[in-house]
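Novice: Just the structure for this:
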Amino acid sequence: MSSPKHYTANSQEWNRHKTNAIMSERTLREVYLPAFEMIVKEAHPATIMAAYNNINGVHNSENPLLLQQIFRGEWGWIDFFLTDWACHHKADSSANAGLNLKMSVKQVEDNG
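Specialist: All right, here's what the predicted structure looks like:
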């Protein structure tokens, strides 16, 4: 299965866990979403992977505008959303927004 990532507005790798991309919905739709819309409508991927960053203060994996309204509502995509490794935050917010799978990483202590 293919899994296009990192949905969406993931414009940097440095400090990506704490990045908050502040933008208008118009910017989101005109700059960041067209590539994902094309992928969904033409390639029909089985999964989409959410990014680490926030958009306007909301984590990608907890964002109903992104997951439910745009992807599933407007574009008709009904498949599977998952997080990137260790980028999950709140189970209830994610589930309510439409996330299907949390990819977690168990932290291992280095006892030297």
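
Novice: and stretch 25-35, C-alpha only, in CSV?
Specialist: Only the C-alpha atoms of stretch 25-35 are listed here, as CSV (Å, rounded to 0.1, in the frame of the first residue of the first chain):
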residue,chain,number,x,y,z
GLU,A,25,-7.8,28.6,4.5
ARG,A,26,-7.2,30.1,1.1
THR,A,27,-3.4,29.6,1.4
LEU,A,28,-3.9,26.1,2.6
ARG,A,29,-6.2,25.3,-0.3
GLU,A,30,-4.1,27.0,-3.0
VAL,A,31,-0.6,26.2,-1.9
TYR,A,32,-0.6,23.0,0.2
LEU,A,33,-3.6,20.9,-0.8
PRO,A,34,-3.5,20.7,-4.6
ALA,A,35,-0.8,18.0,-4.7
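
Novice: Check which residues of that stretch are buried.
Specialist: Within stretch 25-35, the residues that count as buried by 16 or more other CB atoms under 10 Å are 28, 32-33. Placement of C-beta: from N, CA and C, glycine included.

Novice: and what of stretch 64-79?
Specialist: The neighbour-count check on stretch 64-79 (16+ other CB under 10 Å) flags 66-67, 70-72, 77 as buried.

Novice: before we move on, back to that, out of the buried residues of stretch 25-35, who's nearest residue 57?
Specialist: For the buried residues of stretch 25-35, the closest approach to residue 57 (CB to CB) belongs to residue 28, at 13.4 Å.

Novice: pLDDT at that closest one, what is it?
Specialist: The model reports residue 28 with a pLDDT of 94.

Novice: what's the answer for residue 111, then?
Specialist: The per-residue pLDDT reported for residue 111 equals 52.

Novice: and the buried residues of stretch 64-79 as CSV, adding pLDDT?
Specialist: Formatted as CSV, the buried residues of stretch 64-79 follow (pLDDT from 0 to 100):
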residue, pLDDT
66, 91
67, 90
70, 94
71, 92
72, 92
77, 86
